[in-house]
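In: Build me a structure from this.
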Amino acid sequence: MDQARPHTVTSLASDLRALGLTAGDVVLVHSSLRSLGFVAGGPQAVVQSLLEVCGAGGTVVVPTHTPDNSDPADWSRPPVPRTWWPVLRRETPGFDPARTPSRWMGAIAETLRTWPGAVRSDHPQVSFAALGKDATGIVAGHRLTEGLGEHSPLGAVHRLYGKVLLLGCGHDSNTSLHLAESRQPAAPRSVAGASVRQPDGTDQWVTWSEVVADESDFAELGAAFEGTGAVTTGPVGSATARLMEQRALVGFATTWLAENRRR
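Out: Numbering: from 1, shown residues only. Below is the predicted model of the structure:
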């Protein structure tokens, strides 16, 4: 490891401030802990640095998605036998915001999810967790049929003039681009399913219609947005970080998708 000294809460906070994150910000964070290099305290230190910079008047938001809680009929990596499908739908423990861990979202997001005072939205596949002044309002009212649309935490961050921080990851992880996707006229939709824990403690398989999520061109879209000069890029720890205004990002992406995406 070629690193002169370990990164700390203090040094990470300094890097975040230099990047443009400020007290009172609402920020949606996508992150890769490994990209940061050696951090004294690991993901706990990263979360502490974000909270320190945003302060008591700010809010930190992270994706806490659970994509494995989905219809096994759609699984392809790997697929499972058709005879398993009814069992999985019937027996998979239902999503519970308090109990269900996130999956493939990274250690930083999972650490914030379990942080004292954090709250989480109740979408069974694409929930978000938030901590700070506006946390409850951001996660409330997350509609099943608008997992990444206007009535989701993405839409709430947009209404609060929030920022997006890509901490050592690319635009293929930038969920705010899905908000632009949901704004496309006649956006393609599909039927989704998941197991959801009910108030009485039982589990129920539910289905709904949602906009099809497609990240295949997000790297190209993100590069085009960066070409406008609207993204601040700089080091946070050993990672390359990108900070942007979510409203500018979504506005650009809505037009870009209408002009460039072909299905």
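
In: Could you report the neighbour count for Asn260?
Out: 11 (other CB atoms under 10 Å). C-beta here means a position set from N, CA and C on the backbone, and glycine is covered the same way.

In: Now it: phi and psi?
Out: Dihedral angles of Asn260 (phi, psi; degrees, to the nearest 10) stand at phi -120, psi -20.

In: Which helix or which strand is home to the residue lying closest to Leu144 once chain neighbours are set aside?
Out: Closest residue to Leu144 apart from its sequence neighbours, by CB to CB, 6 or more residues apart in numbering: Trp208 at 4.8 Å. Using DSSP states H and E, Trp208 sits in strand 203-211.

In: elements contacting that strand?
Out: helix 176-182, strand 189-197 (3 or more CB pairs under 8 Å, 6 or more residues apart in numbering; DSSP states H and E).

In: re the thing from before, how much space between the residue nearest to Leu144 and His171?
Out: 27 Å (CB to CB, to the nearest Å).

In: repeat for Gly55
Out: On the measure of CB to CB, Gly55 and His171 end up 27 Å apart.

In: Please apply the same query to Ser76.
Out: Counting by CB to CB - Ser76 and His171 are separated by 24 Å.

In: So for these two, which residue has more residues nearby?
Out: Remark: of Ser76 and His171, His171 carries more neighbours, 26 against 6, as counted by other CB under 10 Å.

In: Please name the residues that touch that one.
Out: Leu177, Phe218, Ala219, Leu221, Gly222, Ala223, Phe225 (CB atoms under 8 Å, 6 or more residues apart in numbering).

In: so what pLDDT did it get?
Out: We note a pLDDT of 98 for His171 in this prediction.

In: In which helix or strand does the residue nearest to it when sequence neighbours are not counted reside?
Out: Setting aside the residues directly before and after it, His171 is nearest to Gly222 in space (CB to CB, 6+ apart), at 2.5 Å. Using DSSP H and E, the element containing Gly222 is helix 218-226.

In: If I look at the residue in the chain sticking out farthest from the centre, what pLDDT would I see?
Out: In the chain, the greatest distance from the average C-alpha position (CA atoms, centre = their mean) is reached by Thr83, at 33.0 Å. In this model, Thr83 is scored at 96, pLDDT.
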